[in-house]
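Chemist: The amino acid sequence is not available; the structure is as follows:
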C-alpha cells in the first residue's frame, strides 16, 4: 500500500512580513485540502525567520516571529545565523520559551558543552501508517561569533555523523533541515547517503524542482517568503521505502488571497512595537546630515564612535551604512533602527600599511561607492563613500577624468607600509569578497552583541551627559 506525505517548508523570511499573510492563507488552504484527502502534512522552517532589520522583530527580540510560527502551527524549525548571532546570548536563550514546536539543532551547545534546553538534536515523527520520519537540523558554522556570544558551535558535518548514527536504526526516512547553504548541502547529499531529503537555506537558493544528488533530493525556497516549498513523498508501507519524491515551489508573489486576520495582527503588533522603540537615547543640538558620496557629518560621527568603541588607531566605515540623516532634537531607538537597521557588529582588524593603502584605493573607486550590495548583513541601498577617522586621503584628478588616491596620511604622517595598524571597522568586511585583504587578515577582534545602532545610541547618550 502506498501513502503520500506532504512537507511544506519556508526559509530565510528575514522578517519580510509583507508576504506572510499570503503564506498563511496558502498553507491554511493546503492543510484543509490534505485533511480532506486524509493525507498527512508537515510544516517546517529552515531558519533566518527573524531579522532585526524589522522594527517588530527588534522591539520583541524575535518573539513576534515565534508567535507567527505558533499561529500557523509549524511542526519544527531550525535556526539560522540571524537567530544565532544577531541576538544576545540571553535573547536567544529565551527566544523560543513559548514555542509550540521543537527547535531541531544538533550542533549548538552552551559554553559548558551542554545542549541548550530549547533545542533538540532530532525529532522522530510517527506517520499515520506507522512509518517513522526523522527530522535533523544543523546551522552554519560561525565559530568565532558564537564563541563571543557565549555559545559553542560544532562542525555540522561531525554533528550530522553523530546524529545519523543515533537515528538510522529508528527511522525509515531521514529529512535534514540545513541552514548551511547550497554548497554544503550538495556535499552532504554525497557524503551522507542515509539522508533522503535536504531542506536548505542560508544562501537563498531557488530550486524550482529540487536537485537530485545521488539518492538525496535537495530543496531550497529562496528568500523573503517569495516562495513556499512543497515536497511530496510517496511511501511504500510494506517495504518502508520511498517510492517517489517530488519538489515544487509555490510563488507567494502570485498569491492574491491573504489571511486578513494575520494582516490585522501584524498591523497591531507593529503599532505596539513602535511604542516600545519610542525611548529617547539622546538629544542632538544640530542636524547630522548625510551624503553617501562625500565626507558628510553623520558618517563621520559613526566612524568616530566605532574607533572609540573598538579602541582602534584608525577607523573606517562606508557611508551607505546610514540610510537617512538625523535631525536635531530628541533621538529615539526607533530613529536609530530606521536609519541603521543592519545586524552588523563593530570589529578591529590588524593590517599592514601597504594592505591598508590598497583597501583605501579600492574603497575610493567609483564602482565600489555605487555598489548596490545585498547580503553580509547589509540592509542599505549602496555602499557609499568610505569615511575614515585618523586617516586623511588626498585625491588627484588624472588624465582619465577621474579622481584617484594620491596620498594616504595616518595621523598627519605618510602611511608606513611595513607597520601594523589596528583598524576599527565593521564585521561585514571580514565575511565576504568585498575586501579580501580584510577577510584574510590573521588577527581580528569582534565586539558582540552590540550592533552599529547600539554604538550610535551610546555615543548620543555620552554627548548628552557631557553637556
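Modeler: Perfect, I can see it now. Given the structure is predicted, the values throughout are model-derived calculations rather than measurements.
Chemist: going forward, measure contacts between C-alpha atoms and count neighbours the same way
Modeler: Fine.
Chemist: mind giving me the domain ranges of the chain?
Modeler: 2-273, 279-465 (automatic domain parsing).
Chemist: By mean pLDDT, show me the worst of the ones you listed.
Modeler: Lowest mean pLDDT of the domains of the chain: domain 279-465, a mean of 92.
Chemist: Pop out the phi and psi values for the residue most central in space within the chain.
Modeler: Of all residues in the chain, the one closest to the mean position by C-alpha atoms, centre = their mean is residue 82, 3.5 Å from it. Residue 82 adopts backbone torsions of phi -70, psi -40, taken as degrees, to the nearest 10.
Chemist: tell me the SS of the residue nearest to it when sequence neighbours are not counted?
Modeler: Nearest residue to residue 82, sequence neighbours excluded (C-alpha to C-alpha, 6 or more residues apart in numbering): residue 48, at 5.3 Å. What DSSP: H, G, I helix; E, B strand; the rest coil gives for residue 48 is coil.
Chemist: which residues does residue 48 contact?
Modeler: Neighbour list for residue 48: 11, 12, 13, 14, 79, 80, 81, 82, 83, 202 [criterion: C-alpha atoms under 8 Å, 6 or more residues apart in numbering].
Chemist: could you dump those to CSV with distance to residue 239?
Modeler: Output for the contacts of residue 48, formatted as CSV (distance: C-alpha to C-alpha, whole Å):
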residue, distance to residue 239
11, 32
12, 36
13, 37
14, 40
79, 34
80, 35
81, 39
82, 41
83, 40
202, 35
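Chemist: Out of those residues, the closest to residue 37 would be?
Modeler: residue 11 (26.7 Å; C-alpha to C-alpha).
Chemist: how near is that closest one to residue 18?
Modeler: Using C-alpha to C-alpha, to the nearest Å, residue 11 is found at 15 Å from residue 18.
Chemist: Who has more neighbours out of the two?
Modeler: residue 11 (34 against 13; other C-alpha atoms under 10 Å).
Chemist: can you pull out the strands in the stretch 251-400 of the chain?
Modeler: 280-284, 314-318, 329-332, 346-352, 386-389, 391-397 (DSSP state E, counting those that start in this stretch).
Chemist: Buried by neighbour count: which residues of stretch 207-215 qualify?
Modeler: Neighbour counts using 16 or more other C-alpha atoms under 10 Å place 207, 208, 209, 210, 211, 212 of stretch 207-215 among the buried residues.
Chemist: The last one reaches residue 198, doesn't it?
Modeler: In other words, residue 212. No - with contacts counted by C-alpha atoms under 8 Å, residue 212 stays clear of residue 198, the gap being 10.1 Å.
Chemist: re the thing from before, any quick PyMOL command for the buried ones out of the contacts of residue 48?
Modeler: Applying 16+ other C-alpha under 10 Å to the contacts of residue 48, the buried members can be selected in PyMOL as follows:
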select buried, resi 11+12+13+14+79+80+81+82+83+202
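Chemist: mind listing which of the contacts of residue 48 are in helices?
Modeler: 81, 82, 83 (DSSP state H).
Chemist: Please produce a markdown table containing those residues, extended by distance to residue 226.
Modeler: Listed next are those as a markdown table, based on distance: C-alpha to C-alpha, whole Å:
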| residue | distance to residue 226 |
| --- | --- |
| 81 | 20 |
| 82 | 18 |
| 83 | 20 |
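Chemist: Between these, which sits nearest residue 155?
Modeler: Residue 155 lies nearest to residue 81 out of the ones in helices among the contacts of residue 48, by C-alpha to C-alpha, at 14.3 Å.
Chemist: returning to that earlier point: closest to residue 62 among the contacts of residue 48?
Modeler: Nearest member of the contacts of residue 48 to residue 62, counting by C-alpha to C-alpha, is residue 83, at 8.0 Å.
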